[in-house]
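1. predicted coordinates and the sequence they were generated for:
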Amino acid sequence: MVDDLGDGDALFGLPGQGSTKGASTRVGTGAGARSGARAGARSRAQVGAATGEGTATGPVARVRVDSPLPHLDKPLDYLIPPKLVDTVAVGSRVRVPMAGTLRSAVVTEVAPASDFDGRLASLSSASHVPSFTPEALRLASEIARRYAGSTWDVLRLMAPPRVAAVERRDWGPPPPDPAYAEAFEREVPDEVGLAVTPGDRVVWQALPEAHPRTSVPARALVQAALAAIGDQASAILVVPDARAIEAVLAECERRGLSRWTARSGGQVAVLDADHGPSQRFGSYLAALHGHARIVIGTRPAVMQPVPALALLVLWDEANGVYEELHAPYPHARTVAAMRASDHAAVVIGGYAWGADAVALVEHGWARADMPSRDTVRDAVPAMDILTAERRDAEGPGGWHWMPGSAWRALTKARERGPVAIIVPRAGYVHAAACATCDAWAVCRVCESPLALPARGADPVCLDAGHPQPDWHCPECHGARLKHLRQGIERIAEQLRRMAPEVPLTVSSAGTGVVADLSVSEGIVVATPAALPAVDGGYAHLVIVDAGVPAHAGLGAELRAVRWWLTAAALVRSRANGGAVTVVGELPDLTRRALATWSPVEAAREEFAERAPLGFPPHRRHVLLVGDQWTVDGALGDAGVRDGHGGATVIPRPDGASVLLPRGRAQRVVDALRARQQHLSSASGQGKAELRIKVDGALDFPR
């Protein structure tokens, strides 16, 4: 089993695992590449001579060009004109002529001359300062290899678009800043939250902090960052959303650190896609040049280049937002692991773990940092799972969306502070039935369930949005609907009638997300990701209609554990009277994890259950999309056959899903990428397209 899985480093294709660095062939395409297909068919001499530019003498920039064609994912040589000799450096963004247009590119190497004996085109323009360090370029190359993508696509994910005015600032070495040491000495948390040594690899089960009670243990993260950076190093704190960014930034500011701005400088660079271009690029360069040595950001921040990285923390690692939506689809957890080194410690943590986090520990790549059961009991709220037997015992009211026992506990807790209700669905009503005969209300056209977008609105179908005016039940011809799966807006409507004298706050994407610490009384009703933190934590939380969506796929039970524990983390500890009531139908693994606050045990159980099936993370998943001839040919080139060498090939209408032993996977991925590049270069000869996605979700089209 160990041989199939590979060692810890093989999990992530870390440096030294057969890297292809330096193996690409340089060609002098320049402006002579009139199209990717024609350039791939020409000889080097033909391509070089077609440029009509200078000879291949003098300083040369080897660049990666912005091109969707896989066969152009290799270093290309361009002359550096005299006017740019003092500007161009490794990591510079440049513009180069290709196929009659100017394209963006990044310089990966500067050489005194090219080994190409033809003519080369020249760079057209260059950025004032480099956007990437040599270490960042190496990381991008390793990520591209692991995910069978192009280096350019990784670089595009790594850095925001450049802003020339921002580049003209003084980005020289910053002077020493005593603010970091002063912040570190300002306060030590009462409880030891996170202890990390240089080069440490940790998978961390965190617990909610008492003050402030937010969605992220901000005090522990900031303290660990300050302890790690010393006088010259940097730390990166990756969090899932803007709410978590604000919580961590608030802790930095409480310790006397300020957010970096172009006007006043600062010690903390904040990277968020919602910021404007100048602010984003300025914060990126401030972190790259060490002007701000603590970096807080969402998913792209995991690739942020910094000088002397000492600590990288990925918080809430099981959160789905860390799955990149753009090619080559790198996962932030994997990128974080790839950045571990003798000097850089990596912490991957959360209130709950996923199966991939367990794999890091089980394979010896990282150590587990977990609290004792006594510590857990003292830090978390009391968890009450309202079972079907207890709901039956309450009579018909027990099967209301808010059973009487849950409502009474919520009402009593209001005397001690704000209380909250979590509703898993946005909108108004997501499913309905005939009020007369209980038959499900379905669309006349496609038979999908009917939803109500608002009070008094005509029903529409969920799948295609077909309107259903003048709806009548096909079974009994009744015209009245009863609401089965109610959204937050319908629940809020009922709560206003149930407790008209109590202040009610609604927080969701549709109604507006309420900021942390802005509510001090009454009832908060929210969707899971929109629940705001309150000062001191909620006195009571009720999660209604808790469950696991049937379509959620592999790992659905663990995702439900993460959803509900993340919400429960905003409730006071049991010692301070905090409690959570969970109402819904839960699978056994999820119920046990919630009732005992034991998410790691649940993740380990899930990890063990996947072993005999060979599901990820025990094996790696590669999705191939293309016609059958193309997919079969690619698998043949890679030496992959179903049932041989630990490989499983699962046909799909659009291609195939392939499960591979971890120790063999990277070799197969390299072979598939080579086949893809060959098809790209020969596309003018009628070759088909092949798309590759590595380590994506294991699902199957219906």
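-> Perfect, thanks for sending it. This is a predicted model, so every value here is computed, not measured. Numbers count the residues shown, from 1 in each chain.

2. mind telling me which residue is nearest the centre of this structure?
-> By C-alpha atoms, centre = their mean, the chain has its centre lying nearest to Tyr322, at 0.8 Å.

3. apart from its neighbours in sequence, what residue is nearest it?
-> Nearest-residue entry for Tyr322: Ala332, 3.9 Å, with adjacent residues in sequence omitted and distances by C-beta to C-beta, 6 or more residues apart in numbering. Placement of C-beta: from N, CA and C, glycine included.

4. so the one you found touches Val238, yeah?
-> Yes: Ala332 is in contact with Val238 according to C-beta atoms under 8 Å; the separation is 6.3 Å.

5. avg pLDDT for the strand ranked longest in the chain?
-> Assignment by DSSP state E gives strand 101-111 as the longest strand of the chain. On average, the pLDDT along strand 101-111 is 97.

6. now for whichever helix or strand comes after that strand, which elements pack on it?
-> With elements assigned by DSSP states H and E, the helix or strand that comes after strand 101-111 is strand 119-120. Where contact means 3 or more C-beta pairs under 8 Å, 6 or more residues apart in numbering; DSSP states H and E, strand 119-120 is packed against helix 44-49, strand 54-55, strand 76-79.

7. mind listing what strand 119-120 pairs with, with the direction of each?
-> strand 54-55 (antiparallel) (DSSP bridges).

8. ok, Gly536 - contacts?
-> His211, Arg213, Gly417, Arg572, Asn576 (C-beta atoms under 8 Å, 6 or more residues apart in numbering).

9. actually Ala451, not the one I wrote
-> Gly427, Tyr428, Val429, His430, Ala431, Ala432, Pro459, Val460, Cys461, Leu462.

10. PyMOL command to pick out the buried ones of those?
-> PyMOL command restricting the contacts of Ala451 to the buried ones, with burial defined by 16 or more other C-beta atoms under 10 Å:
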select buried, resi 427+428+429+430+431+432+459+460+461+462
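
11. among the contacts of Ala451, which one sits closest to Arg219?
-> Gly427 (36.3 Å; C-beta to C-beta).

12. just the pLDDT for the closest residue to Leu452 other than its chain neighbours.
-> Nearest residue to Leu452 in three dimensions, chain neighbours excluded: Val429, at 3.9 Å (C-beta to C-beta, 6+ apart). Predicted confidence (pLDDT) at Val429: the value is 71.

13. could you do Ala697 as well?
-> Ala697 is given a pLDDT of 88.

14. secondary structure element holding it?
-> Here Ala697 is assigned to no helix or strand, by DSSP H and E.

15. ok, how many other residues are close to the residue nearest to it when sequence neighbours are not counted?
-> Excluding the flanking residues, the one nearest Ala697 by C-beta to C-beta, 6+ apart is Gly553, at 6.3 Å. When neighbours are counted by other C-beta atoms under 10 Å, Gly553 registers 12.

16. tell me which helix or strand Gly553 sits in.
-> Judged by DSSP H and E, Gly553 forms part of no helix or strand.

17. tell me how far it lies from Glu489.
-> Between Gly553 and Glu489 the distance is 28 Å, computed by C-beta to C-beta, to the nearest Å.

18. contact partners for Val239?
-> Counted by C-beta under 8 Å, 6+ apart, Val239 has contacts Val216, Ile245, Val248, Ile296, Gly297, Thr298, Trp315, Asp316.

19. show me those that map onto strands.
-> Those of the contacts of Val239 lying in strands (DSSP E): Ile296, Gly297, Trp315.

20. need the pLDDT of the last one.
-> At Trp315, the model reports a pLDDT of 98.

21. need the nearest residue in space to Glu324, chain neighbours excluded.
-> That would be Pro330: by C-beta to C-beta, 6+ apart, it lies 5.2 Å from Glu324.

22. pretty sure the one you found sits against Tyr147.
-> Yes: shown here, Pro330 and Tyr147 form a contact pair, counting by C-beta under 8 Å, at 5.4 Å.

23. check the gap between the closest residue in space to Ala89 that isn't next to it in sequence and Arg162 for me.
-> Distances taken as C-beta to C-beta, 6+ apart put Pro130 closest to Ala89, at 5.2 Å, once the chain neighbours are dropped. To Arg162, Pro130 is 10 Å away according to C-beta to C-beta.

24. more neighbours, the two?
-> Pro130 (25 against 18).

25. contacts only, for that one.
-> Ala89, Val90, Gly91, Ser92, Arg93, Val107.

26. okay if I get these as CSV plus neighbour count?
-> As requested, the contacts of Pro130 are arranged in CSV below (neighbours: other C-beta atoms under 10 Å):
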residue, neighbour count
Ala89, 15
Val90, 17
Gly91, 22
Ser92, 24
Arg93, 22
Val107, 27
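
27. which of those residues lies closest to Trp152?
-> Ranked by distance to Trp152 (C-beta to C-beta), these are led by Arg93 at 11.1 Å.

28. show me the beta-bridge partners of the closest one.
-> Here Arg93, judged by DSSP bridges, has bridge partners Val106.

29. ok, it - contacts?
-> Taking C-beta under 8 Å, 6+ apart, we find Arg93 in contact with Ser104, Ala105, Val106, Val107, Ala126, Ser127, Pro130, Ser131, Arg162.

30. may I ask which two of those residues are separated the most?
-> So, the contacts of Arg93 by C-beta to C-beta: farthest apart are Ser104 and Pro130, at 14.3 Å.

31. list the residues that contact both of Pro330 and Tyr147?
-> Between them, Pro330 and Tyr147 share no contacting residue, judged by C-beta under 8 Å, 6+ apart.

32. for burial, what's the neighbour tally of the closest residue to Met370 other than its chain neighbours?
-> Ranked by C-beta to C-beta, 6+ apart and with sequence neighbours excluded, the top spatial neighbour of Met370 is Gln205, at 4.6 Å. For Gln205, the count of nearby residues is 20 (other C-beta under 10 Å).

33. which residues does Gln205 bridge with?
-> Going by DSSP bridges, Gln205 forms beta bridges with Gly350.

34. pLDDT score for it?
-> Reported pLDDT for Gln205: 97.

35. surely it and Thr375 touch.
-> No: contact between Gln205 and Thr375 fails when scored by C-beta under 8 Å: they sit 10.4 Å apart.

36. out of the contacts of Gly536, which is most surrounded?
-> Arg572 (25 neighbours).
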